[in-house]
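> Sequence first, predicted coordinates after that:
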2 protein chains.
Amino acid sequence: MSTAVLLIAHGSRRAEANQDLVEVADRLRETGEFEFVVPSYLELAEPSIPDGARQCVELGASEVRMLPYFLSAGSHVTRDLERFRNDLAAEFPAVSFKLCPPLGLHPLMLEIVRDRLRED
Amino acid sequence: MSTAVLLIAHGSRRAEANQDLVEVADRLRETGEFEFVVPSYLELAEPSIPDGARQCVELGASEVRMLPYFLSAGSHVTRDLERFRNDLAAEFPAVSFKLCPPLGLHPLMLEIVRDRLRED
């Protein structure tokens, strides 16, 4: 099984905010854990979620793990992402699309906060 | 020196997104590292940044560390936060106000991503 990660950020008019996701994708790719890592955006930036997912399929992925790079994914965003997932599953029936939890209140988030508070 | 942490999120019309910051504040308070921990919001939710900072001062803080709970703080947000910091420093000259870096691309963010990708 060839697994791709589709990272999903909200998307911004600010290039540097979108660039952050590209940087996360680069770092994740460097771990060598997943065959393919593709960044995508819910809106305001390219590639869109469907375009990013199609890239994953064209690269040869049989499984695509969709990861919302959101501190908090509300019901509106979650509904949008589920709709994208269902549409992609219908378009590519041979590929498994899985929607992962957002970053959310992961315990390590507290460690990041504590670290930033200590910085000069 | 009595140190307070003023956590700052963007603020949302969704109560559960704002509640996330309250939860982070509770967890940080539980570590016992800082005398006072107060959540605040740039917009759309209460308390505002100045009101949260005044709470810190009224509680007795001689230093307030302002922590932007943002994945990415663009120039617009950074400018707003610096303005709040300067206004507060002028209002309370005996108190030290320090603006910390946002969550940003902290190395642990990659660990959170990897962990969420492994979840079923």
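Yep, it's here. In this text the structure is predicted, and so the values were computed from the model without any measurement.
> contacting residues around the closest residue to A:His106 other than its chain neighbours?
Distances taken as CB to CB, 6 or more residues apart in numbering or on different chains put B:Ile112 closest to A:His106, at 4.5 Å, once the chain neighbours are dropped. All C-beta spots, glycine's among them, are computed from the backbone N, C-alpha and C. B:Ile112 sits next to A:Leu103, A:His106, A:Leu108, A:Met109 when contact means CB atoms under 8 Å, 6 or more residues apart in numbering or on different chains.
> Check A:Val38 too.
A:Ala4, A:Val5, A:Leu6, A:Leu7, A:Ala25, A:Pro47, A:Gly52, A:Ala53, A:Gln55, A:Cys56, A:Leu59 are the contacts of A:Val38 under CB under 8 Å, 6+ apart.
> Those: which ones sit near chain B?
Among these, the ones lying near chain B by CB under 8 Å from any CB of the partner chain are A:Val5, A:Leu7.
> okay, and for chain A, where does confidence drop off?
Across chain A, the ranges flagged by pLDDT under 70 are A:120.
> near chain B, which residues of it show up?
Within chain A, the positions near chain B by CB under 8 Å from any CB are A:5, A:7, A:12, A:14, A:16-17, A:20, A:23-24, A:27-28, A:31, A:33-34, A:65, A:67, A:69, A:71-72, A:74-75, A:100-106, A:108-117, A:119.
> just to revisit the earlier point, the residue nearest to A:His106 sits in which helix or strand?
Element membership for B:Ile112, per DSSP states H and E: helix B:107-118.
> Just the buried residues of that helix, please?
Within helix B:107-118, the residues scored as buried using 16 or more other CB atoms under 10 Å in any protein chain shown are B:Leu108, B:Met109, B:Leu110, B:Ile112, B:Val113, B:Arg114, B:Arg116, B:Leu117.
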